[in-house]
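Engineer: Fold the following.
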Amino acid sequence: MPKAILGISAFYHDSAAAIIVDGEIIAATHEERFTRTKHDANFPIKSIEYCLKEAGIRISDLDAIAFYDKPYLKFERLLETYHSFAPKGLISFLSAIPVWIKEKIFMKKMIWDDLNNLESSLLGESIKANKVPLLFPEHHLSHGASAFYPSPFKDAAIMTIDGVGEWATTTICHGQGKDIKILKELPFPHSIGLLYSAFTYYCGFKVNSGEYKLMGLAPYGIDGSEQVEKFKKATLEHLIDLKPDGSIVLNMKYFNFATGLTMCVDHLWEKIFGLPKRPEESEIDQNYMNMALAIQQVTNEIVLRLCKTAQKLTGSKNIVMAGGVALNCVANGLIVRDDTFENLWIQPAAGDAGGAVGAAYAGWHLYLDQERTINPDEADKMRGSYLGPEYSDLDVVRAARKFQAPNKKHDNFQNLCDEVSDLLAQGEVVGWFQGRAEWGPRALGNRTILGDPRHPEMQKKLNLKIKYREGFRPFAPSVIEEKCQEYFDLKGDSPYMLLIAPVQENRWKPKPEGYDDMELYEKLYHHRSDVPAITHIDYSARIQTVSKKTNPRYHQLIDTFGNKTGYGLVVNTSFNVRGEPPVLTPEDAYRCFMRTEMDYLVVNDRIFSKKDQPVWEKDSDWREEFKLD
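Structural biologist: Numbering: from 1, shown residues only. Have a look, this model is predicted:
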């Protein structure tokens, strides 16, 4: 009988499940993809069902179940925090503590109650099932395990940075073989993740959702301008004390997250920055662009200092990362160019969802004491991060019948690639649905919306007519890995779209006079390179390199497009509208296709043309169904 561990992340945000069998990740997925509720925090029962079915394992067959943090330690932190700040925080206390006393401190019972709702074929022998050991590795150990164990390194510095786990907000560890040793921790409330989230809140975006928008807004700031420097100075003089080793001490006089219901003390921030909090969904002016750039530059400096500390402590030439801040592609790109480490690897689901993989791995190597093996022929153990459900042609046929949707099937995949490449080159937008769904927040070519990166209006079209989101948001390129250096100044690969690098200078177009004084959308729609749809305002791009080994079909499509156009890359954005999780099933894909101004949909080997489809009158408008993020 194979040995297996189920990993679970739940009850905060981004619930997920993962399963490891004989040391290999077999499946991992996010609950939001099934429930269609973005950042779903509920117990991931559907994700668990999928993982068990994919692995052919029942609960009673498991060697352990690992939950991604320690609830008692988290409860201890809450109580001590409220006690330290009393009498402040009463409203927050009355909101949070009853839920803990009633439910969360009984986490073992909660988990087993939910697991026992599984169908009997997945539970197995009930007496045996309820005796499976339940493990609770610490939050940052789960993050660290998710970064180190699937990586290709025998030895690595491990850096985890997020909002907060139980007590730790940042850790530096050393991974060697199957062992992880914690070397340094930064304790709550001093948190790099919460600092960045506070600026996310103050710039008018949603916390735990809008941080990537703040990162995307930063390049619109005017680098070196008086205001950016003023904002950085105010941050470093009033909000944080930045130490040489990269640790920070927050001045809690300016923050409200420890015991309040908001992130900042707004009137004090307005006093030091000379700028009020931006109302959500309001016009974004240059002040907030400059503020976004200022906190991004401060974050960059913090992360680079932490890297130098991690290298000194471990002596390793490799670094691996996880935690929400590891999704900051700008800082990641600087780590690659900084050369403190020779190699960087980041868990593709670096946020809390990835804790499910990390918890399972911690159970495998630390609880079951299993040795670690590294295959030199593999880039890593994540299987390209294609770990979610896949759907057969019969599933596609059934969805097409349900919606009475005309389509054409290609029996030769190259012919399909030829047709789609021609459509993209004509400026059409294509939904592309293939194989197993992606693990992590990035679209990596299996649940993806595609466009032509050369098209001068493609960014505007995708943002306003397909995604229905803020027009300033950039789009990423998927480039076949062997052509990456032709377009981008990037050392190595970026398979999980977690690195930002400059577009090669020979592709740049000069800035017009008065560029820095232009309004946001004037700047945005200036054509900065010969691939304008993926060149951000600062001549950078968030890159996915596509490997023939991990995704042969996507590689073949992009290669075909390259052979036809001379450009071996495409625009890639996640297959969803604003506020919606990425599509999972053929039905999800068709629904999104019909609700937007997408031109074509490809599901497996079938292509759907919008002009051939019946009028869409099936259900409510997406704006009513999905909460804006």
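Engineer: Give me the neighbour count for the nearest residue to Glu428 once chain neighbours are set aside.
Structural biologist: Distances taken as Cβ to Cβ, 6 or more residues apart in numbering place Asp599 nearest to Glu428, at 4.0 Å, with adjacent residues excluded. Using the backbone N, CA and C atoms, a C-beta is placed for each residue, glycine as well. Neighbour count of Asp599, defined by other Cβ atoms under 10 Å: 21.
Engineer: Identify the residues contacting Ala66.
Structural biologist: 5-8, 134-137, 142, 359-360, 362-363, 367 (Cβ atoms under 8 Å, 6 or more residues apart in numbering).
Engineer: Correction: the previous question concerned Pro512.
Structural biologist: For Pro512, the contact set (Cβ under 8 Å, 6+ apart) comprises His526.
Engineer: Try it again at 10 Å.
Structural biologist: Pro512 makes contact with 518, 522-523, 526, according to Cβ atoms under 10 Å, 6 or more residues apart in numbering.
Engineer: Need the three-state assignment for it.
Structural biologist: coil (DSSP: H, G, I helix; E, B strand; the rest coil).
Engineer: cool, and the one 10 residues further on?
Structural biologist: At Glu522 the chain is in helix, as set by three-state DSSP.
Engineer: Next step: the contacts of Ala66 restricted to strands.
Structural biologist: Per DSSP state E, strands hold the following members of the contacts of Ala66: 5-8, 134-135.
Engineer: pLDDT of stretch 480-494, averaged?
Structural biologist: Stretch 480-494 shows a mean pLDDT of 96.
Engineer: Kindly report the same for stretch 237-250.
Structural biologist: 98.
Engineer: Can you turn the buried part of the ones in strands among the contacts of Ala66 into a PyMOL selection?
Structural biologist: Per 16 or more other Cβ atoms under 10 Å, the buried members of the ones in strands among the contacts of Ala66 correspond to this PyMOL selection:
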select buried, resi 5+6+7+8+134+135
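Engineer: if we take the ones in strands among the contacts of Ala66, which one ends up nearest to Leu242?
Structural biologist: Gly7 (34.6 Å; Cβ to Cβ).
Engineer: show me the contacts for that closest one.
Structural biologist: Per Cβ under 10 Å, 6+ apart, neighbours of Gly7: 16-20, 25, 28, 48, 51, 64-68, 135, 137, 142, 145-146, 354-364.
Engineer: got it, and Tyr68?
Structural biologist: Contacts of Tyr68 by Cβ under 10 Å, 6+ apart are 7-12, 15-16, 18, 135-139, 141-143, 145-146, 165, 352-360, 362.
Engineer: which stretches of the stretch 51-200 of the chain form strands?
Structural biologist: Secondary structure of the stretch 51-200 of the chain (DSSP state E, counting those that start in this stretch): strands at 64-67, 134-135, 155-161, 168-176, 179-187.
Engineer: Mind listing the strands the second one pairs with, and their directions?
Structural biologist: If you go by DSSP bridges, strand 134-135 pairs up with strand 64-67 (parallel).
Engineer: same deal with the last one?
Structural biologist: Strand 179-187 has the following sheet partners, assigned by DSSP bridges: strand 168-176 (antiparallel).
Engineer: So for this structure, the centremost residue is which one?
Structural biologist: Nearest residue to the geometric centre of the chain (Cα atoms, centre = their mean): Pro441, 3.4 Å.
Engineer: does it really touch His30, like I thought?
Structural biologist: Yes - under the criterion of Cβ atoms under 10 Å, Pro441 makes contact with His30 at 8.6 Å.
Engineer: okay, and the common contacts of the two?
Structural biologist: 14, 349, 353, 581-582.
Engineer: Including neighbour count, secondary structure and pLDDT, could these go into a markdown table?
Structural biologist: Supplementary listing: the shared contacts of Pro441 and His30 in a markdown table, determined by neighbours: other Cβ atoms under 10 Å; DSSP: H, G, I helix; E, B strand; the rest coil; pLDDT from 0 to 100:
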| residue | neighbour count | secondary structure | pLDDT |
| --- | --- | --- | --- |
| Asp14 | 24 | coil | 93 |
| Ala349 | 31 | coil | 98 |
| Ala353 | 30 | helix | 97 |
| Pro581 | 24 | coil | 95 |
| Pro582 | 24 | coil | 97 |
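Engineer: For Val602, which three-state class applies?
Structural biologist: Val602 ends up strand, using three-state DSSP.
Engineer: Look up which helix or strand the closest residue to it other than its chain neighbours falls in, please.
Structural biologist: Excluding its sequence neighbours, the residue lying closest to Val602 (Cβ to Cβ, 6+ apart) is Trp432, at 5.3 Å. In the assignment (DSSP states H and E), Trp432 maps to strand 430-433.
Engineer: Tell me which stretches of the stretch 201-350 of the chain form helices.
Structural biologist: Using DSSP state H, counting those that start in this stretch, the helices of the stretch 201-350 of the chain run over 211-217, 226-234, 266-273, 286-314, 329-338.
Engineer: And the residue with the largest distance to the centre of the chain, how close does it get to Ser60?
Structural biologist: The C-alpha centroid of the chain is most remote from Ile127, which lies 38.1 Å away (Cα atoms, centre = their mean). Using Cβ to Cβ, to the nearest Å, Ile127 is found at 8 Å from Ser60.
Engineer: do the same with Leu499
Structural biologist: Counting by Cβ to Cβ - Leu499 and Ser60 are separated by 42 Å.
Engineer: what about those two, which has more around it?
Structural biologist: Leu499 (28 against 16).
Engineer: beta partners of that one?
Structural biologist: Beta-bridge pairing for Leu499 (DSSP bridges): Ile543.
Engineer: and the spatially closest residue to Glu270 that is not a sequence neighbour, how far is that from Tyr288?
Structural biologist: In space, and not counting its chain neighbours, Glu270 is closest to Pro276: 5.1 Å by Cβ to Cβ, 6+ apart. Look at Pro276 and Tyr288: by Cβ to Cβ, they are 10 Å apart.
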